[in-house]
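Asks: Quick one, structure for this:
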Amino acid sequence: MRNAKLPTLIALAALAGLAGCGKWRGDEEVGSRQHECMARAMYFESNRSSRDGMVAVGSVVMNRVASPQFPDTICAVVGQKGQFAPGIMSTPMTEPASLARVADAAASVLDGERHPHVGNARFFHALHYNANYNNMHYTTSAGGNAFYEKRDPNRVTQPDPLPNTEGGTG
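Replies: As a prediction, the model looks like this:
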């Protein structure tokens, strides 16, 4: 009889074991604290969505890191109060099926992959949410989130969220 908890234990061990794996991708060590923070952003903001949704969230995080208007590390961006899901830095990641997916997507973003349609977007919200501000220029929707840039209202050419699109990454 197969142990029903074995896949869960394997997935948790794989994610926990990344901390010491020493495999480098770009300027980040997979399993580093920055990798964990990126994985947390993807897990809590898009873990039940597609790879495109995860990479899009990661692209926004990296756009914020590159912006002088936000902190300059992934963990500082993800942990910034009121910007991402409540408890993002402390809530346990308990869905085994998602752990390997977010670890892989986070490593890919740290290695330079970006969602091809996120562009310079530094913000997103759930696709079903009606924000109703006049300065939101939408760039794409993926994984159930709508991604946007804040612009002067006169420069907004896409004021409404785009339909959810998948298949642009990986």
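
Asks: alpha carbons only for contacts and neighbour counts from here, please
Replies: OK.

Asks: And T140, which helix or strand is it part of?
Replies: strand 136-142 (DSSP states H and E).

Asks: let me redo that: A76
Replies: helix 74-78.

Asks: for that helix, packing partners?
Replies: When contacts are defined as 3 or more Cα pairs under 8 Å, 6 or more residues apart in numbering; DSSP states H and E, helix 74-78 packs onto helix 33-46, helix 51-66.

Asks: Show the subsequent helix or strand relative to the strand holding T140.
Replies: Past strand 136-142, the next helix or strand by DSSP H and E is strand 145-150.

Asks: which outside residues touch the helix holding A76?
Replies: With contacts defined as Cα atoms under 8 Å, 6 or more residues apart in numbering, helix 74-78 is touched by 33-34, 37-38, 41, 61-62, 64-65, 70-71, 84, 88-89.

Asks: Give me the distance between the closest residue to H35 other than its chain neighbours and F123.
Replies: Excluding the flanking residues, the one nearest H35 by Cα to Cα, 6 or more residues apart in numbering is A106, at 6.3 Å. As judged by Cα to Cα, to the nearest Å, A106 and F123 stand 18 Å apart.

Asks: hmm, back to that, nearest approach to P161 belongs to which of the helices and strands packed on helix 74-78?
Replies: Closest to P161 of the helices and strands packed on helix 74-78 is helix 51-66 (Cα to Cα; 14.5 Å).

Asks: Can you name every helix or strand that that closest one contacts?
Replies: Short answer (3+ Cα pairs under 8 Å, 6+ apart): helix 51-66 packs on helix 33-46, helix 74-78, helix 96-110, strand 123-126, strand 136-142.

Asks: where does the protein dip in pLDDT?
Replies: 1-31 (pLDDT under 70).

Asks: Let me have the helices and strands packed on helix 74-78 in JSON lines, extended by distance to M93.
Replies: Shown next, in JSON lines, are those (distance: least, Cα to Cα, whole Å):
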{"stretch": "helix 33-46", "distance to M93": "7"}
{"stretch": "helix 51-66", "distance to M93": "15"}
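
Asks: With only the CA atoms kept, save the helix holding A76 in CSV.
Replies: Once non-C-alpha atoms are left out, helix 74-78 reads as follows in CSV (Å, rounded to 0.1, in the frame of the first residue of the first chain):
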residue,chain,number,x,y,z
ILE,A,74,13.0,40.9,-3.8
CYS,A,75,12.3,40.2,-0.1
ALA,A,76,11.9,43.9,0.7
VAL,A,77,9.5,44.3,-2.3
VAL,A,78,7.5,41.2,-1.4
